[in-house]
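Colleague: Below is the structure, and that's it, no one-letter string:
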């Protein structure tokens, strides 16, 4: 069973819009798994739904 992954932008990045989050995910930028702290990106072929927190961690968008 795979779990949903909730991630945050890596390296102090933040986003103001869903479009910006999705664009950086598609471009292969790094994000961090909120539970494990591991870095991940679209290049890792993650077998789960990935949700990213943005806008100072107050909003959530599904990127995969």
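Modeller: Structure's in. What do you need? Note that the structure is predicted; figures quoted are calculated from it, not measured.
Colleague: Would you map the strands across the protein?
Modeller: For the chain, strands defined by DSSP state E occupy the ranges 5-9, 31-33, 39-40, 50-54, 59-62.
Colleague: for those strands, which one sits closest to residue 15?
Modeller: Nearest to residue 15, of all the strands of the chain, is strand 50-54, at 4.0 Å by Cβ to Cβ. Every C-beta, even on glycine, is put in place using the N, C-alpha and C of the backbone.
Colleague: tally of neighbours for the residue nearest to residue 59 when sequence neighbours are not counted?
Modeller: Nearest residue to residue 59, sequence neighbours excluded (Cβ to Cβ, 6 or more residues apart in numbering): residue 53, at 7.0 Å. For residue 53, the number of neighbouring residues by other Cβ atoms under 10 Å comes to 19.
Colleague: I'd say residue 53 and residue 7 touch.
Modeller: Yes. With contact defined as Cβ atoms under 8 Å, residue 53 and residue 7 form a contacting pair (7.3 Å).
Colleague: what do these two both touch?
Modeller: Shared contacts of residue 53 and residue 7, defined by Cβ atoms under 8 Å, 6 or more residues apart in numbering, comprise residue 34.
Colleague: what comes up buried for stretch 42-55?
Modeller: Residues 42, 46, 50, 51, 52, 53, 54 are the ones in stretch 42-55 that count as buried (16 or more other Cβ atoms under 10 Å).
Colleague: Identify the bridge partners of residue 8.
Modeller: residue 32 (DSSP bridges).
Colleague: Equivalent analysis for residue 39, please.
Modeller: With DSSP bridges as the criterion, residue 39 is bridged to residue 32.
Colleague: Do I have it right that it meets residue 30?
Modeller: Yes. At 4.9 Å, residue 39 counts as touching residue 30 under the criterion of Cβ under 8 Å.
Colleague: That concludes my questions; thank you for your assistance.
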